[in-house]
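> Whatever this is, show me its structure:
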Amino acid sequence: MPNTKQTGSTLVELTVVVFIISVLFLIAIRSYTNLNSSNEYIKARLLLTEISLSVKDWKARNSYYPDDIGSSEIGQKIAPGKPQDRVKWLSSIPFDSVFDYDHWPLPENGRCYVHVAFWGQNKERDYELSQIVAQPQELKKVGDDLVLGIDIYDCECTIQETIRECWERTGKKEY
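A predicted model of the protein is given here:
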């Protein structure tokens, strides 16, 4: 009988190699997706800082913060401010999500709060309303949202009213 050496791989060996390559491929795809998501949040942080500076600039020009924006303005991506003088707002948003500007009275009457937020990948608000979410200059993650605090200031507003109702009741916007 001639001595012939067999070369090649068995079906089991090929199956194991294909399985290992598939697992490595899935790990690589997941890592790439997480990296891309992380990059989108880094971009959102930078954009929140830019919007925050624009809100502060708007206040410097007008002596008060703009009114809170409602859900209809959020959906239409309308920036806070007056029609002829709006805060710089961005239309290109990571994850095609939403930027929000909140300005509301706090539960302890006589205090008001301002922040900007990014609603994250789920495109929904994950933070509570009518309370301090992030201290001024603090960036806080709540769920998948990012919230950048702008200001907490003394005002004559009560928790039972909106900022606009407070302005109408007191006749003043500056504090």
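> Tell me where the protein has strands.
Secondary structure of the chain (DSSP state E): strands at 81-82, 85-86, 99-105, 111-118, 139-142, 145-154.
> How far off centre is the worst-scoring helix or strand of the chain on mean pLDDT?
Lowest by mean pLDDT, DSSP states H and E among the helices and strands of the chain is helix 71-76, with a mean of 74. Put simply, helix 71-76 sits 15 Å off its chain's centre (C-alpha atoms, centre = their mean, to the nearest Å).
> Dump that helix to CSV, keeping only the CA atoms.
Taking Å, rounded to 0.1, in the frame of the first residue of the first chain, the C-alpha atoms of helix 71-76 are listed here in CSV:
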residue,chain,number,x,y,z
SER,A,71,-43.8,70.4,21.9
SER,A,72,-45.0,72.0,18.6
GLU,A,73,-41.9,74.1,18.4
ILE,A,74,-39.7,71.1,19.2
GLY,A,75,-41.3,69.0,16.5
GLN,A,76,-40.8,71.8,14.0
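> hmm, back to that, figure out which of the strands of the chain is closest to Ile42.
strand 145-154 (10.3 Å; C-beta to C-beta). C-betas here are computed from N, CA, C, even on glycine.
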